[in-house]
Every structure is written in structure tokens, then in C-alpha cells.
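Colleague: This is a predicted model, with the sequence first.
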Amino acid sequence: MRELPARTTRGRRLRALLEDEEDADEEFWTQEFFQEEAKDVEYDAVGEVDEDEFDSDFADTSEDEDEDDRNGSEDDLEAEATRKKKRSRPGSGPEKKQAPKRRTEAEVQAARWKREELKRKREQELGHRKSVRSAVVEKDLERREQEEKKAVGARKQAHKASKPTVEDKPLCQEDLIREAVLTELENRRKLQHLLTREEETKKKAHVQKIRFKGPSVKLHSKGDNTTISFTHTDRVPSILRQKEAPSKPAPVQCAVTGKPAKYKDPWTGKPYATTDAYQTLRSSSHQYMHRGRQRDITSRVDADRRIEDILFPAGGLKKGRRSKSSCNRATPHSLVRENQVQAPLPTR
């Protein structure tokens, strides 16, 4: 049979749970409503109870048994005799349980304190186990990191060892002179570049700003006093020489009714006060636009006639060539295209 390894914490949780169960059981049976049976009178069975007699097997003991075995057997016999005495006669009913003794306040407080102490110890043990476990994990991680570092170092060493070693040959005097000449040229190039950048920086730093010397207005404010000064000017602006505040503008009047107007027609730009005035303005604007359109048409027709008279001063065109409809009147340009006549340019 396989044996478990020795461990100091074996059964600790089970013992703690059993102790909690015993405390809970004890607290349950010590409640007040269980204490009422303490005042009840115990029931005594009617009749005589025969005394139990021990059997000869229990009385005889072996001479070879040890003293501890004799004491243990005697204790067992006494316990068995006590149970038989407490057992009632057949037919007298079940044995009545004795009510648990009522504990004092001090005992209750001691039991509660004991439970809290056990709980606190259990939490400490759990925290200690967790901390030990985390420490083991950290050590394991550190060990792995060290192993990885060692492996990387070993790979680098192997890579270096695999590379062919190039031995530097000592330079002769001619090679050293050639290297010095190249270094001097490179240094001169870098020096020239630095000097050029420095000159550009100086040029940017010494840029002179153009200062305005004409008339200007300066505002000086210090505390509650504010001063405005005008420099390089012969006179003060007129707006600052006013002694009285400008008067308020007159209220806008309606173009139709003459009442104070609150609105303005966006089409005509005239103010109006009521909806009737607005309709009047709109109707008049429509009539004005219609008249203007008619005037434009008339002026356009007159212009066409003047152009015809200028282009054809010798009696005009034949009647057959003119359009019959006045609405579809032919323009001079179309007439010129039809007759294919080169019109002379008008003289100024």
C-alpha cells in the first residue's frame, strides 16, 4: 500500500472545520428557548429496576495482560455499566435527553473570541502559503532568466569564435602620411561647413527691424487712469474733439402708412409696418418691374431700327426680305447674313 509523504500541515483545514462545527453546534444548543427544559421535573419510571449482573467473561482477566490493558478494560466495563443503569425498563418509553447547561456571558465571549482567533490564524496561514507560493514562482522565473542569459552569452561566444580573426598589420610611414592627408582634407571640409553656418546665423541675428516713425496713437494704462497720446500729428481727430454726444437717429417710418416701421422689404429695400403695406409695396414693385421690362423692350427695338438705318441708309431693305411678324423681328446681323452684303463700318 502506498504511503503518503510526511507533511506538517496534513489535516489542518479539516481540524479547523471540525472546530468551527463544534462551536456552531454549541452556540445553537445554548439558545434561550432550549433553556426552558432546565426547570422541568424529570420523569421517573414506576417500578423497581433490576440491577445488572456482570458476566463471568468480563470479570476474568488474564494474568499476562499489561497494566494498561487492565485499566482500559475496567474503564470499558464501568462505561457499559453506567449505560445499562441509565437504560430504562422495557415499555417505560425512550430516555429523556437532559437539557444542556446554560452558559454564562463570559463563556459565550470566550467561545466567540476563540472562533475569531482560529479564523485569524487560518487567514494568516493562507496568506503565508500564498506568499510562499509567489516566492517560489519568482525564484523559478529568475532561474529561467539566468539560464536564458547564459544561453545567449554562450551563443554569442560561439559566434565570435566562428568568425575568422583578421590581424591588423602595422602601417608603414607612407601609409601614415596618406592617412594624415585624407584626415586633413576631411577636417577642412567640416570646418568650412561650420563657418558657413555661423555666418548665416549671424546674418539672421543682425537683421534690423524697420521702425515706424509716422503718426501713431499710444495707449497708457496704469491703475484706474488711462491716457491716449497722439504722436507726430498736427491735429486731434474730429471724433475726439466732439463736446456733445451725437444725437440718436430718427426712427424709420413706413413708406406707405408713415408709422414707425419694424420691418424692411428685402426686394425693394423700403421699410413697412403692416402686412397691408407689405402687399402694397410688392404690388407696386411688380408694376414697376413690368413697366421697366416694357421700356427695355421698346429701347431695344429702337436701337435695332437705328442700327438698320446706319447699315442701310439707301432706302432700307426690300419688303419681301423683312419678317412678317413683329414679335419675330429679324436682327440686323441675321439680315446681313441673308443678303450676303458687306456692310460698311459706321463713321464717327
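Modeller: Yes, it's here.
Colleague: C-alpha from now on. contacts and neighbour counts both.
Modeller: Noted.
Colleague: Burial check on Thr274, number of neighbours?
Modeller: Around Thr274 there are 15 other residues, counting by other C-alpha atoms under 10 Å.
Colleague: Ignore what I typed, I meant Leu171.
Modeller: Neighbour count for Leu171, taken as other C-alpha under 10 Å: 10.
Colleague: what does Lys160 give?
Modeller: So Lys160, with other C-alpha under 10 Å, has 11 neighbours.
Colleague: so it sits in a helix?
Modeller: Yes: the assignment for Lys160 (DSSP: H, G, I helix; E, B strand; the rest coil) places it in a helix.
Colleague: which ones are touching it?
Modeller: By C-alpha atoms under 8 Å, 6 or more residues apart in numbering, Lys160 lies in contact with nothing.
Colleague: gap between it and Gly153?
Modeller: 11 Å (C-alpha to C-alpha, to the nearest Å).
Colleague: And Lys218, by the same measure?
Modeller: Shown here: Lys218 relative to Gly153, a distance of 76 Å by C-alpha to C-alpha.
Colleague: Same check on Glu198?
Modeller: In this view, Glu198 and Gly153 are 48 Å apart by C-alpha to C-alpha.
Colleague: What of Val136?
Modeller: Distance from Val136 to Gly153, by C-alpha to C-alpha: 26 Å.
Colleague: Same question for Gly11.
Modeller: Here the criterion is C-alpha to C-alpha. By it, Gly11 lies 48 Å from Gly153.
Colleague: next structured bit after the host helix or strand of Arg143?
Modeller: Element membership for Arg143 (DSSP states H and E) is helix 105-162. Sequence-wise, the next helix or strand downstream of helix 105-162 (DSSP H and E) is helix 173-205.
Colleague: Remind me what that following helix packs against, helices and strands.
Modeller: Counting contacts by 3 or more C-alpha pairs under 8 Å, 6 or more residues apart in numbering; DSSP states H and E, helix 173-205 is packed against no other helix or strand.
Colleague: Now do the buried residues in stretch 250-268.
Modeller: 252-256, 261, 263-264 (16 or more other C-alpha atoms under 10 Å).
Colleague: got the CA positions of it in PDB?
Modeller: Extracted as PDB, the C-alpha positions of stretch 250-268 are listed here (Å, rounded to 0.1, in the frame of the first residue of the first chain):
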ATOM      1  CA  ALA A 250     -34.700 109.400 -36.300                       C
ATOM      2  CA  PRO A 251     -37.000 106.400 -36.200                       C
ATOM      3  CA  VAL A 252     -37.600 104.700 -39.500                       C
ATOM      4  CA  GLN A 253     -41.100 105.300 -40.900                       C
ATOM      5  CA  CYS A 254     -43.200 103.100 -43.100                       C
ATOM      6  CA  ALA A 255     -43.100 104.100 -46.800                       C
ATOM      7  CA  VAL A 256     -46.900 103.500 -47.100                       C
ATOM      8  CA  THR A 257     -48.600 104.400 -43.800                       C
ATOM      9  CA  GLY A 258     -45.900 106.700 -42.300                       C
ATOM     10  CA  LYS A 259     -45.900 104.800 -39.000                       C
ATOM     11  CA  PRO A 260     -42.800 103.600 -37.200                       C
ATOM     12  CA  ALA A 261     -41.500 100.600 -39.300                       C
ATOM     13  CA  LYS A 262     -40.200  97.500 -37.700                       C
ATOM     14  CA  TYR A 263     -39.500  95.500 -40.900                       C
ATOM     15  CA  LYS A 264     -37.800  96.000 -44.200                       C
ATOM     16  CA  ASP A 265     -38.700  94.600 -47.600                       C
ATOM     17  CA  PRO A 266     -35.600  92.700 -48.900                       C
ATOM     18  CA  TRP A 267     -36.800  93.100 -52.500                       C
ATOM     19  CA  THR A 268     -37.400  96.900 -52.700                       C
END
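Colleague: what comes into contact with that stretch?
Modeller: For stretch 250-268, the surrounding residues in contact (C-alpha under 8 Å, 6+ apart) are 270-273, 277-278, 280-281, 285.
Colleague: and with 7 Å instead?
Modeller: By C-alpha atoms under 7 Å, 6 or more residues apart in numbering, the list of residues contacting stretch 250-268 from outside reads 270-273, 277.
Colleague: Could you provide the residues you listed in CSV, with additional columns for secondary structure?
Modeller: Formatted as CSV, the contacts of stretch 250-268 follow (three-state DSSP):
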residue, secondary structure
Lys270, coil
Pro271, strand
Tyr272, strand
Ala273, coil
Ala277, helix
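Colleague: which among those residues end up buried?
Modeller: 270-273, 277.
Colleague: ok, of the residues you listed, which one's closest to Thr104?
Modeller: Nearest to Thr104 among these is Ala273, at 100.2 Å by C-alpha to C-alpha.
Colleague: which residue sits closest to the closest one in space, ignoring its chain neighbours?
Modeller: Ranked by C-alpha to C-alpha, 6 or more residues apart in numbering and with sequence neighbours excluded, the top spatial neighbour of Ala273 is Ala261, at 4.4 Å.
Colleague: ok, the one you found to Val252 distance?
Modeller: 6 Å.
Colleague: What of Glu117?
Modeller: The spacing between Glu117 and Val252, counted by C-alpha to C-alpha, is 95 Å.
Colleague: for Ala205, same thing?
Modeller: Counting by C-alpha to C-alpha, the gap from Ala205 to Val252 is 61 Å.
Colleague: swap in Arg178?
Modeller: On the measure of C-alpha to C-alpha, Arg178 and Val252 end up 98 Å apart.
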